[in-house]
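> what's the 3D shape of this:
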Amino acid sequence: MPKRKSGQPVGSDIDWFVIPIHRIRQGAIVFAIALVAGGVGYFLYSRSRRSPEDKARTEIANATQLLTRATAASGTARPGSSVAQARDSLQSAEAAFAGRRFDQAFRDAVESQSYARRALGGAGTEETGDASFISIEGDVSLQSAGRSTFEPARQRQSLFDGDFVKTGRNGSAEIMFADGTLYTLRPGSLFEVHRPSLTESAGSQVKIVSGVINVYTAGSTSKVSTDAATADVDRDSRAALDVEKGEKTEITNFRGKTTVSTGRQTVVLSERERVAAGAKTGEISAKVALPEAPEPLLPADNRIYDLKTGDQVDLRWAAVPVAARYRLQISRSRLFVPDAIEVDLDHRTETYAVVKVSREGAYFWRVATIDKSGVSSDWSAVRRFKMLAELPKAGANAPPPPLQVSPPQQMGNLFLVFGKTDPGATVTVNGETADVDADGSFRKTVTVDRDGYAMLIVKAADASGNETVKKIRVFVESM
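Model prediction:
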């Protein structure tokens, strides 16, 4: 093509030629690919050439925007919530940036974004906290961290670091922590949720201010503090603390091991041992040995009685050699709150009792040993029986029991399963029996031991073996 002279109009010397249309398309595609590749390459190159300061500044700006959106969506940044963690990480990033620690600022800003996205993803739903109510009976209230008033607690409500839980004279609650530790808060109690720092053990922590709490650990430890002592409950153990505020704390270890410390003394409790720690003196009393708890024998657990044919129930338990007498309780409450206790006898010298029950519903019973010194054992395992005015239809042709299952509440690899069925049905989750209340409501905690997808199999079965099955797919991802 001739060279264009200076001042000559562009295009005046263009030679026209024909290119087939398919070649135009091919050329355009190749050109577009080259253009995109070049742009991406330049972007990556420019990104790689950015200084650590520029990178940190950009991520802090992104984290600030995400936190603003997450705060608007989630409301108050409760201590321990994803929004609060996003805010704390952003503050750390800004502090590191001011100190010219740009790599640390970059990492903290990215972490803040991760927490903010988690909060945005869960906006409009109950956020998973450090623990959760799995059962509430009677007067139970919650004071959220940073607030000055108590409000009624709700089943499945999440708990966070710094929250206070209070039970009234007729209130009791079961609280499950993310590590699988179960706390049963008895009537007239007050306790505070704590989260271990990074330098402490991964087990759950609480502070019991007053009242009685039972601790059931699984694969993790538990630290329970009072104004008199600290109790470190070992894995796979069960203990109870009875706090008389300002005076003493009584610590009982029923299973496993519990280490009690006051700052002045340390004592290790083995199975069925109890001590008292003075709040003013810091002294720990001598150990007291507890007798064994009786073993319930009859009726079989979950036995159903027909009120049309009789109203008497024969309760029997195994004898304990050191027993001077036994204490028997029958309640309409699984947690044995005071107002629901129908029978409370502490002078039974025999190993049986015949009781007359004329009202329909579910009943729970337990028994304890009292030795010659007046020392009581732990309560026996709780058994239940049901009195029905009309028995459910039996036989292979009877319809299977109804089964409603709510979406499970996840806490790490723990899943809290709630639902409802017939009052007379037996419910299992992955083969483990669930507690079924008088109205058919049930709950069960299940642990999934592997990452990835897993199946929760919930079955409701009647006395004839007719069953309804529901399968729930869940996902576990290690943090």
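
> Can you show me the strands along the stretch 101-250 of the chain?
Using DSSP state E, counting those that start in this stretch, the strands found in the stretch 101-250 of the chain span residues 131-137, 140-143, 151-152, 158-159, 164-167, 172-177, 182-185, 190-194, 204-216, 222-225, 230-233, 238-244, 248-255.

> where does the stretch 1-150 of the chain dip in pLDDT?
1-49, 74-80, 117-128 (pLDDT under 70).

> what's the answer for the stretch 201-350 of the chain, then?
Scanning the stretch 201-350 of the chain for pLDDT under 70 picks out 201-202.

> if we can go back for a sec, adding distance to residue 295, write the strands of the stretch 101-250 of the chain out as TSV.
The way it works is simple: take the backbone N, C-alpha and C, and place the C-beta from them, glycine included. Formatted as TSV, the strands of the stretch 101-250 of the chain follow (distance: least, Cβ to Cβ, whole Å):
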stretch	distance to residue 295
strand 131-137	25
strand 140-143	31
strand 151-152	38
strand 158-159	35
strand 164-167	30
strand 172-177	24
strand 182-185	21
strand 190-194	31
strand 204-216	19
strand 222-225	27
strand 230-233	24
strand 238-244	16
strand 248-255	15
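
> next helix or strand past the helix or strand containing residue 443?
Residue 443 belongs to strand 441-447 when assigned by DSSP states H and E. Toward the C-terminus, strand 441-447 is succeeded by strand 452-461 as the next helix or strand (DSSP H and E).

> Pull that next one out as CSV, backbone CA atoms only.
The C-alpha coordinates for strand 452-461 follow below in CSV (Å, rounded to 0.1, in the frame of the first residue of the first chain):
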residue,chain,number,x,y,z
GLY,A,452,-19.2,-32.9,54.0
TYR,A,453,-22.8,-34.0,53.5
ALA,A,454,-24.5,-36.3,55.9
MET,A,455,-28.0,-37.7,56.4
LEU,A,456,-30.1,-37.4,59.5
ILE,A,457,-32.7,-40.1,59.6
VAL,A,458,-35.7,-39.4,61.9
LYS,A,459,-38.2,-42.2,62.7
ALA,A,460,-41.5,-42.1,64.6
ALA,A,461,-42.9,-45.6,65.5
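
> ok, it: who's next to it in the sheet?
Strand 452-461 has the following strand partners under DSSP bridges: strand 426-429 (antiparallel), strand 467-476 (antiparallel).

> ranking these by burial, who's on top?
strand 426-429 (a mean of 22; mean count of other Cβ atoms under 10 Å).

> buried stuff in the strand holding residue 443?
441, 442, 443, 444, 445, 446 (16 or more other Cβ atoms under 10 Å).

> Could you tell me the angle between that strand and strand 467-476?
Here strand 441-447 runs at an angle of 40 degrees relative to strand 467-476 (axes from the mean of the first three to the mean of the last three Cα atoms, to 10 degrees).

> Mind listing the strands strand 441-447 pairs with, and their directions?
strand 414-421 (antiparallel), strand 435-436 (antiparallel).

> so where do the strands sit in the stretch 251-400 of the chain?
258-261, 266-269, 273-278, 288-289, 296-298, 303-306, 312-317, 323-331, 341-348, 352-356, 361-371, 383-388.

> So for residue 223, which of these sits nearest?
strand 258-261 (9.8 Å; Cβ to Cβ).

> Give me the sheet partners of the closest one and which way each runs.
strand 230-233 (antiparallel), strand 266-269 (antiparallel).

> Quick check: nearest residue in space to residue 450, chain neighbours excluded?
Distance criterion Cβ to Cβ, 6 or more residues apart in numbering; nearest residue to residue 450, sequence neighbours excluded, is residue 476 at 7.0 Å.

> Any idea what that neighbour is bridged to?
Beta-bridge pairing of residue 476 under DSSP bridges involves residue 452.

> all numbers from here: first residue = 28
Yes, from this point I'll number from 28; that puts the last item at residue 503.
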